[in-house]
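K.L.:
The amino acid sequence is not available; the structure is as follows:
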């Protein structure tokens with residue numbers, strides 16, 4: 001009996017302990033769930049705040065970009081904007097007047113379309129000029145400009161006739177108001193002023209294009225046709241350097257000289273031109289130039305000692321120079337380059353003109 005009661009008490013104590021552990025586990029599970037929900041709520045709140053910040057930053061960047069685009073557009077069109085406002089004012093004054101004038105003239109509603117001829121025509125050509133110069137800068141726009149001024153003349157005449165019955169001053173005002181906008185547009189927007197450097201560059205470019213076109217046309221005229229076995233023909237051109245001789249091409253013949261020889265000849269020619277008054281050289285015998293003397297007063301001639309005259313170099317004819325040139329070429333101890341006029345001048349101690357003649361005769365013996 002005692003053992004049963006003790007066992008029963010032990011079972012009740014075990015059940016109570018199990019119930020207590022289950023209750024603690026349930027409370028712990030509920031606490032963990034609450035903590036997880038709170039953490040999830042904090043995570044969601046942080047994500048929402050981050051998303052809101054990102055959206056605010058995106059909206060701020062969009063506003064800044066929009067402001068930059070508007071500012072850039074205003075900066076780019078700071079000339080166009082006032083001109084188009086002027087055009088709107090001009091059209092707002094001229095279109096209703098022309099519509100009323102058309103109704104009075106035609107007597108029915110068809111006369112209300114008169115502004116399409118007096119105002120829309122010139123603006124259609126004016127905008128065509130601007131668009132063509134913007135999209136195709138290389139295309140000519142003289143025809144579009146001619147259309148602009150023709151229709152501007154039509155609009156001016158119609159408005160002038162409309163206001164004539166009110167007096168010549170009213171007619172003139174109405175005519176000027178009608179074309180004021182398109183005139184301002186053509187002067188400031190369609191044909192903006194250019195600097196002298198830009199105009200000079202455009203002129204040079206146009207000349208270059210015209211010359212290239214002429215050269216290509218001349219090349220086509222002088223090209224040779226090559227026909228293959230199938231009968232297909234193609235033009236064959238001769239590459240090289242050419243100049244225009246009227247409508248034909250003339251080949252540029254370059255001398256067979258080294259760049260150093262060319263530069264030396266040019267320098268020697270320049271120095272020879274500088275001293276030519278004292279030592280003149282022509283195709284005849286090489287002689288001394290006359291010595292120039294200055295007439296001094298008698299008192300200065302007595303007090304100033306006479307100057308010592310410099311003996312003139314020995315004069316040599318071109319035949320003598322040819323003989324010396326041939327001997328110098330045959331002499332292995334003499335360093336002379338027959339293809340360089342400067343080398344010949346230094347070796348023979350002659351004028352550059354004679355040296356060039358000897359060089360050319362050496363290259364082309366038939367020219368002697």
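P.N.:
Sure, I can see it. Not measured: the values here are computed from a predicted model.
K.L.:
which of the residues in stretch 114-128 are buried?
P.N.:
114, 115, 118, 119, 121, 122, 123, 125, 126, 127, 128 (16 or more other Cβ atoms under 10 Å). All C-beta atoms are positioned from the backbone trio N, CA, C, and that covers glycine.
K.L.:
same deal with stretch 186-193?
P.N.:
186, 189, 190.
K.L.:
Can you list the helices and strands that the host helix or strand of residue 102 packs against?
P.N.:
Under the criterion DSSP states H and E, the helix or strand holding residue 102 is helix 80-106. Judged by 3 or more Cβ pairs under 8 Å, 6 or more residues apart in numbering; DSSP states H and E, the packing partners of helix 80-106 are helix 114-115, helix 142-163, helix 168-185.
K.L.:
again, only using 6 Å
P.N.:
helix 114-115, helix 168-185 (3 or more Cβ pairs under 6 Å, 6 or more residues apart in numbering; DSSP states H and E).
K.L.:
Just say which of those helices is most tucked in.
P.N.:
helix 114-115 (a mean of 22; mean count of other Cβ atoms under 10 Å).
K.L.:
following that helix, which helix or strand comes up?
P.N.:
Scanning onward from helix 114-115 (DSSP H and E), the first element met is helix 121-135.
K.L.:
just how off-centre is that next one within its chain?
P.N.:
Relative to its chain's centre, helix 121-135 lies at 23 Å (Cα atoms, centre = their mean, to the nearest Å).
K.L.:
coming back round to it: turn the buried residues of stretch 114-128 into TSV, including distance to residue 85 and pLDDT.
P.N.:
Output for those, formatted as TSV (distance: Cβ to Cβ, whole Å; pLDDT from 0 to 100):
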residue	distance to residue 85	pLDDT
114	24	88
115	19	87
118	21	84
119	16	87
121	21	88
122	18	90
123	14	90
125	21	90
126	15	89
127	16	89
128	21	90
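K.L.:
can you put those residues in CSV and add distance to residue 46?
P.N.:
Shown next, in CSV, are the buried residues of stretch 114-128 (distance: Cβ to Cβ, whole Å):
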residue, distance to residue 46
114, 69
115, 64
118, 68
119, 63
121, 66
122, 65
123, 59
125, 63
126, 60
127, 56
128, 59
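K.L.:
Let me know the closest of those to residue 159.
P.N.:
For the buried residues of stretch 114-128, the residue nearest residue 159 by Cβ to Cβ is residue 118; the value is 6.8 Å.
K.L.:
Flag every buried residue along the helix holding residue 102.
P.N.:
83, 86-87, 90-91, 93-95, 97-99, 101-102.
K.L.:
Pull the most distant pair out of the residues you listed.
P.N.:
Farthest pair in these, by Cβ to Cβ: 83 and 102, 27.0 Å.
K.L.:
quick one, longest helix in the protein?
P.N.:
Ranked by residue count, the top helix of the chain under DSSP state H comes out as helix 2-76.
K.L.:
what's the angle between that helix and helix 80-106?
P.N.:
70 degrees (axes from the mean of the first three to the mean of the last three Cα atoms, to 10 degrees).
K.L.:
Could you dump the buried residues of helix 80-106 into TSV with pLDDT and distance to residue 356 added?
P.N.:
Output for these, formatted as TSV (pLDDT from 0 to 100; distance: Cβ to Cβ, whole Å):
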residue	pLDDT	distance to residue 356
83	86	65
86	87	70
87	87	70
90	89	73
91	87	75
93	89	79
94	89	77
95	89	79
97	88	82
98	89	80
99	88	84
101	88	83
102	88	83
